[in-house]
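Peer 1: compute the structure for the input listed below.
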Amino acid sequence: MAGITYGTIYAIVAIGFNIIYNATGIINFAQGEFVMLGGMTAVTLNLYVPMPLAILLAVVLTMIVGAVIEIVFIRWLYKPSVLRMVIITIGVSILIREIALHIWGDSVRALPYFTGSSVTSINLGGVYISSQILWVVGVGGLAVAALTAFFNLTMLGRQMRACAANRDAARLCGIDAGNMVTLSFILSAAIGAIGGCVVCPITYVQYDSGTPLAIKGFTVAILGGLGNSTAAVGAGMILGILESFSIWVLPTAYKEAISIAILLVILFFKPSGLFGSAEAARLKEF
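Peer 2: I've put the predicted structure just below:
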């Protein structure tokens with residue numbers, strides 16, 4: 001179950017990448033910091049308010065951070081190159097990480113299990129799993145379903161996709177491209193914060209926990225094909241299971257290298273991803 005659990009976590013991060021990419025064509029390497037902020041903020045707020053309210057407030061605050069990032073660092077740019085956006089979002093992620101270190105220090109934190117505890121488990125067909133794992137998988141599946149419906153069935157979702165395809169043409173059709181970009185960052189921050197809160201009881205959270213998640217989430221996004229949130233789930237499972245099996249044949253220290261190796265292989269040989277999103281080939285612009 002460890003592979004499925006971590007695969008779902010990576011998929012949630014990849015979905016955040018896909019939301020912004022679908023609306024803007026931008027690769028946001030600060031996505032991992034949204035996950036970290038959601039978890040850290042929820043842990044802090046849970047000291048003063050009930051956990052459901054703490055999670056809700058943490059998501060709202062992270063959404064505000066996402067909007068501020070877009071307005072301050074992204075909106076004023078005119079047709080930035082992929083490389084420029086990568087550098088800017090990496091810089092933003094470093095800035096957020098340093099602010100988090102100043103606020104929370106370097107201690108490791110965690111939320112309580114939503115239901116049950118770390119020592120209790122549920123019997124599913126003879127397999128005992130933690131109840132929090134079901135929360136992680138359930139939230140991940142719900143996020144994919146909701147976002148797929150949003151981008152394909154709602155007018156707002158189609159407007160966001162139109163901005164990604166051709167922002168100038170979208171403006172000529174009366175779409176406020178600036179607001180669509182801001183909304184994409186807000187949605188991406190929200191899904192990242194929700195994911196951070198859900199996985200926090202299992203993986204714990206620290207000021208620098210967003211960086212490895214961003215790398216693995218980006219790997220999953222590329223593996224599944226950028227912009228394809230449904231494929232990100234399958235790609236996340238592949239990476240999570242590969243990491244779990246890798247510790248049987250390699251020292252634990254090499255576990256973190258698996259995602260980097262997969263990312264390099266995909267970028268070299270099939271930049272459109274395993275599930276065939278041709279738009280992902282834009283990464284060749286690096």
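Peer 1: quick one: whichever helix or strand residue 263 is part of to chain centroid distance?
Peer 2: In this structure, residue 263 sits in helix 255-269 according to DSSP states H and E. Relative to the chain's own centre, helix 255-269 is displaced by 18 Å; criterion: Cα atoms, centre = their mean, to the nearest Å.
Peer 1: same check, this time on stretch 161-177
Peer 2: Counting by Cα atoms, centre = their mean, stretch 161-177 comes out at 25 Å from the chain centroid.
Peer 1: measure residue 14 to residue 87 for me?
Peer 2: Distance of residue 14 to residue 87, given as Cβ to Cβ, to the nearest Å: 21 Å. C-beta here means a position set from N, CA and C on the backbone, and glycine is covered the same way.
Peer 1: picking that back up, what does the helix holding residue 263 contact?
Peer 2: 212, 215-216, 218-219, 222-223, 239, 242-243, 246-247, 273-274, 283 (Cβ atoms under 8 Å, 6 or more residues apart in numbering).
Peer 1: sec struct for residue 114, please.
Peer 2: Three-state assignment for residue 114 (DSSP: H, G, I helix; E, B strand; the rest coil): coil.
Peer 1: okay, now it: neighbour count?
Peer 2: As a burial measure, residue 114 scores 17 neighbours (other Cβ atoms under 10 Å).
Peer 1: next: residue 142.
Peer 2: Neighbours of residue 142 (other Cβ under 10 Å): 11.
Peer 1: likewise residue 266?
Peer 2: 21.
Peer 1: try residue 176
Peer 2: Count around residue 176 with other Cβ under 10 Å applied: 13.
Peer 1: and the gap between it and residue 170?
Peer 2: On the measure of Cβ to Cβ, residue 176 and residue 170 end up 9 Å apart.
Peer 1: just checking, what packs against the helix or strand hosting residue 14?
Peer 2: For residue 14, the element it lies in under DSSP H and E is helix 2-24. The elements that helix 2-24 packs onto, with contact taken as 3 or more Cβ pairs under 8 Å, 6 or more residues apart in numbering; DSSP states H and E, are helix 31-45, helix 131-153, helix 155-165, helix 177-203, helix 210-224, helix 229-249.
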